[in-house]
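In: task: produce atomic coordinates for the following.
(chains A and B)
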Amino acid sequence: MLAMIKRNLLLYFRDRSGVFFSLLGALISFVLYLVFLKKNMLTSWHQMPDAKVLLDTWLIGGTLAITSITTTLSSMALMVTDKEKHIVADLELTDAGPTRLFTSYLLSAAVIGALMQLAMFVIMWGGFYLTDGLTLSVTAVLNTLGLMVTSSLLAVVVNAAIVQGIHTVDSLGKLGTIVGTAAGFLVGTYIPIGTLPNFAQGMVKFIPGSYVAALYRQFLMDDKLKTAFSGNVAARNTFDRLMGVRLNWSTLLTQQETYLIMGLIFSGAVILVFGVEWLRLQRRRRVVREQ
Amino acid sequence: MLLEAQHLTKTFGDHVAVNAVDLQIEKGSFTALLGPNGAGKSTTMNMLIGLLQPTAGQVTYDHDPKLGVVFQGSVLDDILTVRENLQIRAGQYRHVPADRVAILSQQLGLTTFMSQRYGTLSGGQRRRVDIARALINEPDVLFLDEPTTGLDIQTRLAIWTLIQRLQRNRNLTVILTTHYLDEADAADKVIIIDHGRVLAQGTATEIKNRYAADKLTLISPDVAQLATRVTQKPLRRTADQLIFSLPTMQAALDILTANRSLISNFEFRPGTMDDAFLALTGKEMR
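Out: The predicted model follows:
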């Protein structure tokens, strides 16, 4: 399995232009945001202290969540290519076995997702450090790094559930375009969730990435929000709800609850994805035994 | 028998790709599956390998064999080097010694381009790497699906010699598909398949004797008289030539000795695999 993961990672990272465009895909929304939307949002936040850096961290959180979704999805293209080019037939001749092969695709996609988020984080933080003097506490950075791993694992299994039904690289590319376009809105990165109509808010809460974005924002913004609201709980809650720092079910979700929901989505997706894989294998074995 | 296939059948929808094929493969033998494009060779081979489930019939091995497969298309990664490709595949097997890839690269003459990317290799070099990949797990049976298609004649010969050497030195059982008829000549056993059916099987000589007629061309100053003296009807007749299609060399010898005085020159061509193949599969393209 390690050999296979090594192969997948080599194939991804050796394709330099592929890596570049994958990063650019995540960066472009970020850059466009800075050009078109930041000014507008800053004016509505003018009475907040540290409004600039708060908005910066808010944007970093949302963008990382998008990155986790799009990069893991595009790195799963290899799984589809191998199927399409019949490379799978050769791989399955080895002792690795189909389940391990499948798992190694998922794990390498998760590694890629985490590394790409790390790259994005460094780029964005670097940029905001230079322009707005953004600094982050050690705890915030450590939490963020941990969440990169969790979020890519979550994104991988959720994406895998979709990719399992796709058999050509062409259709996966089209799906990638759709997801890339929709993700920014669906996890509430471009427009704060609180300003969306009710139906859209409901939709956002259906997307696993929204919980990831909320956690990122909590980790990155918490210090600054504490100073900004200095104990004014009601105002803080309103802000959290409006900006998607904490998502609102019947009440605002705590960090534990958010993790719990992510854990449930993760487990559900794992059961679904491996269940489908298991059924596929069973069907194949039964055919063999019947002969 | 190392491998036996009984009544192997595969249908894709209404199309019958392989139709009740029976095969026996002996250990250490070299078998060529011969057939035109779309005859069902690859489908048969994929069922023997276990990549495709037969619609009916069965494949039995006498023990759980280790298989090596050289696929028709490339299954290695273009942007990885030869060494990376082989090491990664080796890593996916359980009991492959660490120096296996190095030894194989020596034996198959890959050492000069081990650090080159697979995608930049020539067709012949790629094929050798493909074969090295198939040999990583020291297989008992090596399957090759059209290993020489699209290669120039020198490379074809080199690949062919390599496969034969492997068969002899390692007592490897080799099963390959090809549509180059001359290649089948060198196999222990030739199986001619068309429309999913086995049309003939045996050694190349047996098949040629049975299905390929010998051709005798006589050149004569008096073609008309010669024609009357030979009871056999000629295949073709020109101003100074008579061409006969004969079942055996003996028949040709009889004609030649009986009509010595009327023959100024002759050419005798024993039946080739091409003749046998065309006789069996017909001349139409598909």
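
In: who are the packing partners of the one helix or strand B:Ile103 maps to?
Out: In this assignment (DSSP states H and E), B:Ile103 forms part of helix B:100-107. For helix B:100-107, the elements it packs on are helix B:82-91, helix B:123-135, judged by 3 or more C-beta pairs under 8 Å, 6 or more residues apart in numbering or on different chains; DSSP states H and E. C-beta coordinates here come from the backbone N, C-alpha and C atoms, glycine included.

In: one more time with 6 Å
Out: On a contact count with 3 or more C-beta pairs under 6 Å, 6 or more residues apart in numbering or on different chains; DSSP states H and E, helix B:100-107 meets helix B:82-91.

In: contacts for the helix it packs on?
Out: The list of residues contacting helix B:82-91 from outside it, by C-beta atoms under 6 Å, 6 or more residues apart in numbering or on different chains, reads A:3, A:7, B:76-77, B:96, B:100-101, B:113-114, B:118, B:129, B:133, B:136.

In: now do 8 Å
Out: Contact with helix B:82-91 is made by A:2-4, A:6-7, A:10, A:94, B:76-77, B:80, B:96, B:100-101, B:104-105, B:110, B:113-118, B:121, B:129, B:132-133, B:136, as judged by C-beta atoms under 8 Å, 6 or more residues apart in numbering or on different chains.

In: hang on, the earlier thing: show me which residues of the helix holding B:Ile103 are buried.
Out: Across helix B:100-107, burial judged by 16 or more other C-beta atoms under 10 Å in any protein chain shown covers B:Arg100, B:Val101, B:Ala102, B:Leu104, B:Ser105.

In: now the first one: how far from chain A?
Out: Going back to what we said before, that points to B:Arg100. 13 Å (C-beta to the nearest C-beta, to the nearest Å).

In: what do you get for the last one?
Out: With distances defined as C-beta to the nearest C-beta, the gap from B:Ser105 to chain A amounts to 18 Å.

In: what about B:Gln164, how many residues nearby?
Out: B:Gln164 has 14 neighbours, counted by other C-beta atoms under 10 Å in any protein chain shown.

In: got it, and A:Thr238?
Out: A:Thr238: 14 neighbours (other C-beta under 10 Å).

In: quick check: B:Leu176 is in a helix.
Out: No: counting by DSSP: H, G, I helix; E, B strand; the rest coil, one finds B:Leu176 to be strand, located in no helix.

In: return the residues in contact with it.
Out: Taking C-beta under 8 Å, 6+ apart as the test, what B:Leu176 contacts is B:Thr31, B:Ala32, B:Leu33, B:Phe143, B:Leu144, B:Asp145, B:Glu146, B:Pro147, B:Ile163, B:Ala187.

In: touching stretch B:154-172 from outside, list them.
Out: Contacts of stretch B:154-172 (C-beta under 8 Å, 6+ apart): B:27-28, B:30, B:108, B:123-124, B:127-128, B:131, B:135, B:139-142, B:144, B:147-148, B:151, B:173-174, B:176, B:180, B:183, B:186.

In: scratch that, stretch A:195-208
Out: Identification of contacts with stretch A:195-208 by C-beta under 8 Å, 6+ apart yields A:154-155, A:158, A:185-188, A:193-194, A:210, A:242, A:244, A:247, A:249, A:262, A:265.

In: kindly recompute the last result at 7 Å.
Out: A:Leu154, A:Val158, A:Leu186, A:Val187, A:Gly188, A:Ile193, A:Ser210, A:Leu247, A:Met262, A:Ile265 (C-beta atoms under 7 Å, 6 or more residues apart in numbering or on different chains).
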